[in-house]
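S.K.: what follows is a predicted protein model with its sequence.
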Amino acid sequence: MSYENQTCISRVQSIYQIKYGKADLYAKSPGRINLIGEHTDYNQGFVLPAAIDKAIYIAIGKRADDEIHLTAADLDESFFISMSSLTKSKVDWPNYIIGIVVELKKLHLQVGGFNAVIAGDVPLGAGLSSSAALECVTVFALNELFKLGLSKLEMVTLAQRAENQFVGLQCGIMDMFASMFGKKDAVIQLDCRSLEYHYSPFNQAGIKIVLLDTCVKHSLASSEYNVRRKECELGVSEIRKNHPEVNSLRDVNRKMLEEIQNSVDLKVFNRCSFIVDEIKRLQAGCADLERNDLVAFGEKMYLTHDGLSNFYEVSCHELDFLASFSKANKNVLGARMMGGGFGGCTINLVKEEAVTDFIEQAGIAFEKEFNTKLKSYIVSIGDGTSLVSID
Ligand code: GLA
């Protein structure tokens, strides 16, 4: 039984009804967490994400003309555009949908005009991939509505292209993959080079996944994210001078890294160093999970945070503060900043009996330090993108 937020469903249903009549179908696509393996996806490494029980919902229906009419219920905003002139909007949110249509059209698929209403409970800008969820729910709903015949993997790669080429973030594949392929109570071990994946049960007995949201909006995220990607590519091209067989940091070992230490900028060296370690750490972390050793796994999460903060430099004071706060609490097995960085959430594995106290104490400490409220979400691992049936 998949999790569904009835309030969101009712909202998209009733707004659609008022504006356009009866919707043709409903779908949802979740946000994601990532246990370990950060910034490794675009370096052809591994990631360990899972879909969560928070999603973006869509009500959608065909139109007789070639227009796209959209409503974002949570923002109380509407937008329309013609299929014949699909250009980037100054308002952000429609671009995730337009980008999908642009990519579908590139494949010469028959997509006509449509109405759509969206709503959701994935916190925006919190690093939980609300944008990937929006892209995935859009491509999934359009695939159903116009019977396009795309596979899940084709939809995932299409959504990634929409983000890369239309929205302009050179993101990897993790977020869309997790949103589309998520499975209840399982983490996805994804090899971002071969796109082979398998589900591993995540034994949450006695443990809760708690996200602490700094509410720092990651405004640097897209520009600095693209810079990180370039820095990694620079490192690879330097290594390739002596090792032409190397295609990505996935293929790099410590010795190869040391060879370029004096020929690249320290920043580039540090970025590459973090990724090489993180790919290894994830593999060791998967072995910890197989043994159900969450203590060893948690220690690796703290090491990931240190690397992201000091070597990859994608953290911020608020995230560092929360990671240190968690590290000092014996009821937290592991914690780290999660996602692209520069704001958003930390992910914390917390002993169930201590969750309430932990959230309260973190809130007090955070407010004292930054004079601002901390938000928190206790999440469960849920299913990926699907249709939603309305009674
Ligand atoms: C963002 C990107 C992902 C991934 C993470 C960092 O969420 O969209 O592709 O690179 O950052 O791991």
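M.R.: Received it, and whenever you're ready, just let me know what you need.

S.K.: now Val387. Nearest residue, chain neighbours left out?
M.R.: Quick fix: residue 387 reads Leu, not Val. Ala27 (5.2 Å; CB to CB, 6 or more residues apart in numbering). To be clear about C-beta, it is placed using only N, CA and C from the backbone, and glycine gets the same treatment.

S.K.: for that neighbour, helix, strand, or coil?
M.R.: Here Ala27 is strand, with the state taken from DSSP: H, G, I helix; E, B strand; the rest coil.

S.K.: what helix or strand does Val187 sit in?
M.R.: Taking DSSP states H and E as the criterion, Val187 maps to strand 186-191.

S.K.: what comes up buried for that strand?
M.R.: Residues of strand 186-191 classed as buried by neighbour count (16 or more other CB atoms under 10 Å): Ala186, Val187, Ile188, Gln189, Leu190.

S.K.: can you name the residues bridging to the second one?
M.R.: If I follow you right, that is Val187. Ser200 (DSSP bridges).

S.K.: ok, it - contacts?
M.R.: Residues in contact with Val187 (CB atoms under 8 Å, 6 or more residues apart in numbering) are Leu35, Leu48, Pro49, Ala50, Tyr199, Ser200, Phe202, Leu289, Ile381.

S.K.: swap in 10 Å and give it another go.
M.R.: 33-36, 47-51, 178, 198-202, 286, 289, 381 (CB atoms under 10 Å, 6 or more residues apart in numbering).

S.K.: also the first one?
M.R.: Residues near Ala186 by CB under 10 Å, 6+ apart: Ala50, Ala51, His198, Tyr199, Ser200, Pro201, Phe202, Ile381, Asp383.

S.K.: let's go with 8 Å and repeat that
M.R.: The contact partners of Ala186, by CB under 8 Å, 6+ apart, come to Ala50, Tyr199, Ser200, Pro201, Phe202, Ile381.

S.K.: tell me the one of the residues you listed nearest the ligand?
M.R.: For these, the residue nearest the ligand by CB to the nearest ligand atom is Ala50; the value is 13.6 Å.

S.K.: what's the closest of the buried residues of strand 186-191 to Leu349?
M.R.: Closest approach between those and Leu349, by CB to CB: Val187, at 12.1 Å.

S.K.: roughly how far is the longest strand belonging to the chain from the heart of the chain?
M.R.: In terms of residue count, the longest strand belonging to the chain (DSSP state E) is strand 49-62. With CA atoms, centre = their mean, to the nearest Å as the basis, strand 49-62 stands 13 Å off its chain's centre.

S.K.: also stretch 353-363?
M.R.: Counting by CA atoms, centre = their mean, stretch 353-363 comes out at 25 Å from the chain centroid.

S.K.: contacts for it next, please.
M.R.: With contact meaning CB under 8 Å, 6+ apart, stretch 353-363 is reached by 208, 210, 212, 322, 325-326, 329, 331-332, 348, 350, 373-374, 376, 378.

S.K.: so of those, which ones are in helices?
M.R.: Taking DSSP state H, the ones among the contacts of stretch 353-363 that sit in helices are Leu322, Phe325, Ser326.

S.K.: take the residues you listed and write them to TSV, including pLDDT and neighbour count.
M.R.: Below are the ones in helices among the contacts of stretch 353-363 laid out as TSV (pLDDT from 0 to 100; neighbours: other CB atoms under 10 Å):
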residue	pLDDT	neighbour count
Leu322	98	26
Phe325	98	21
Ser326	98	27
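
S.K.: is it possible to get a markdown table of these that adds distance to Tyr42?
M.R.: Below are the ones in helices among the contacts of stretch 353-363 laid out as a markdown table (distance: CB to CB, whole Å):
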| residue | distance to Tyr42 |
| --- | --- |
| Leu322 | 25 |
| Phe325 | 30 |
| Ser326 | 27 |
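
S.K.: which ones are touching His39?
M.R.: For His39, the contacting residues are Gly172, Arg228, Phe274, Ile275, Glu278, Leu308, Tyr312, Val314, Gly340, by CB under 8 Å, 6+ apart.

S.K.: for the stretch 101-250 of the chain, which segments count as strands?
M.R.: Applying DSSP state E, counting those that start in this stretch to the stretch 101-250 of the chain gives strands spanning 114-120, 186-191, 197-201, 207-213.

S.K.: can you turn the buried part of the contacts of Ala186 into a ChimeraX selection?
M.R.: Remark: buried members of the contacts of Ala186, expressed as a ChimeraX selection using 16+ other CB under 10 Å:
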select :50,202,381
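
S.K.: what's the closest of the contacts of Ala186 to Gln17?
M.R.: Among the contacts of Ala186, Ile381 lies closest to Gln17 (CB to CB), at 32.4 Å.

S.K.: leaving out sequence neighbours, find the closest residue to that closest one.
M.R.: Once flanking residues are discounted, Ile381 sits nearest to Ala50: 4.4 Å by CB to CB, 6+ apart.

S.K.: how close does that neighbour get to Leu289?
M.R.: To Leu289, Ala50 is 12 Å away according to CB to CB, to the nearest Å.

S.K.: and for Tyr57?
M.R.: Where Leu289 is concerned, Tyr57 sits at a distance of 31 Å (CB to CB).

S.K.: over to Glu352?
M.R.: 18 Å.

S.K.: out of those two, which sits in the more crowded spot?
M.R.: Higher neighbour count among Glu352 and Leu289: Leu289, with 20 against 13, using other CB atoms under 10 Å.

S.K.: I'd say the more buried one and Phe297 touch.
M.R.: Yes: contact criterion CB atoms under 8 Å: Leu289 and Phe297 qualify, at 5.9 Å.

S.K.: pipe the contacts of Ala186 into CSV and attach distance to Ala126 and pLDDT per row.
M.R.: Converted to CSV, these look like this (distance: CB to CB, whole Å; pLDDT from 0 to 100):
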residue, distance to Ala126, pLDDT
Ala50, 16, 98
Tyr199, 25, 97
Ser200, 25, 91
Pro201, 26, 85
Phe202, 21, 86
Ile381, 17, 96
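
S.K.: what pLDDT does the closest residue to the ligand within the stretch 201-350 of the chain get?
M.R.: Among all residues of the stretch 201-350 of the chain, Gly340 sits closest to the ligand, at 3.4 Å; criterion: CB to the nearest ligand atom. Note on Gly340: pLDDT of 94.
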